[in-house]
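A.B. asks: My questions are about this predicted structure, shown below with the sequence.
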Amino acid sequence: MINAQFHLFLIFIINGFIIGLLFDFFRILRKSIKTADFITYVEDALFWILSGFIILYSIFTYNNGEIRLYMFLAIILGILIYIFFISKFILKISLLIINFFKNIFLKIFNVLKIPFHFLLKLIRKIFFNPISFIIINMRNFFTKLLHNFSKKTKISTKFVKNTKN
């Protein structure tokens with residue numbers, strides 16, 4: 001009987017390790033990728049839901065759904081052991097790996113965007129410059145036409161006023 005409870009205690013310490021690892025996973029995501037507050041709230045809710053599933057699965061699988069106080073003490077002990085002794089190393093190594101791949105991705109992206117930048121510049125020269133040239137000339141033409149029309153209407157209104165007298 002005591003052997004079975006000790007076995008359960010170790011299983012729930014491992015659950016605490018898993019929950020601590022899950023917690024670090026979300027911490028690593030937050031440190032490596034800047035997200036909006038809403039996404040942070042979603043991540044927090046997802047963490048608690050996953051933690052709850054891990055605990056409930058373990059309770060129903062290993063103890064037939066019976067809840068004991070020592071299970072929760074073992075989970076807390078597992079989380080504390082993980083956070084105090086393992087978490088620092090996992091965070092450092094994970095962030096180093098993520099930043100390494102992030103830098104490689106950014107370098108590849110910067111190299112690949114050069115031809116696209118050149119292509120965009122070429123498309124702008126071929127299509128947008130003539131269109132903007134036509135639009136500018138049409139605008140200038142219509143402003144001159146409107147200006148000339150307004151000059152003629154002012155002259156004609158003066159002529160009409162002079163003939164009435």
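C.D. replies: Received the coordinates, thanks.
A.B. asks: which SS state does the residue nearest the centre of the chain fall under?
C.D. replies: Nearest to the mean C-alpha position of the chain, by CA atoms, centre = their mean, lies residue 35 at 4.8 Å. With DSSP: H, G, I helix; E, B strand; the rest coil as the basis, residue 35 sits in coil.
A.B. asks: Residue 42 versus that one, what's the distance?
C.D. replies: Using CB to CB, to the nearest Å, residue 35 is found at 9 Å from residue 42. Backbone N, C-alpha and C define where each C-beta goes, glycine included.
A.B. asks: can you check residue 2 too?
C.D. replies: From residue 2 over to residue 42 (counting by CB to CB), the distance is 43 Å.
A.B. asks: Which of the two has more residues huddled nearby?
C.D. replies: Between residue 2 and residue 42, residue 42 has the larger neighbour count (other CB atoms under 10 Å), namely 12 against 6.
A.B. asks: Could you pull up phi and psi at that one?
C.D. replies: Backbone torsions of residue 42, given as degrees, to the nearest 10, read phi -70, psi -40.
A.B. asks: Tell me, how many residues neighbour residue 134?
C.D. replies: By other CB under 10 Å, 10 other residues sit near residue 134.
A.B. asks: Does it lie in a helix or a strand, and which?
C.D. replies: Per DSSP states H and E, residue 134 falls inside helix 129-164.
A.B. asks: Spell out the secondary structure type for residue 56.
C.D. replies: With three-state DSSP as the basis, residue 56 sits in helix.
A.B. asks: ok, it - how many residues close by?
C.D. replies: Residues within reach of residue 56, counting by other CB under 10 Å, total 12.
A.B. asks: how close does it sit to residue 50?
C.D. replies: With distances taken as CB to CB, residue 56 is found 11 Å from residue 50.
A.B. asks: which residues in the protein form helices?
C.D. replies: Applying DSSP state H to the chain gives helices spanning 2-32, 37-62, 69-81, 87-123, 129-164.
A.B. asks: Many thanks, I have nothing further to ask.
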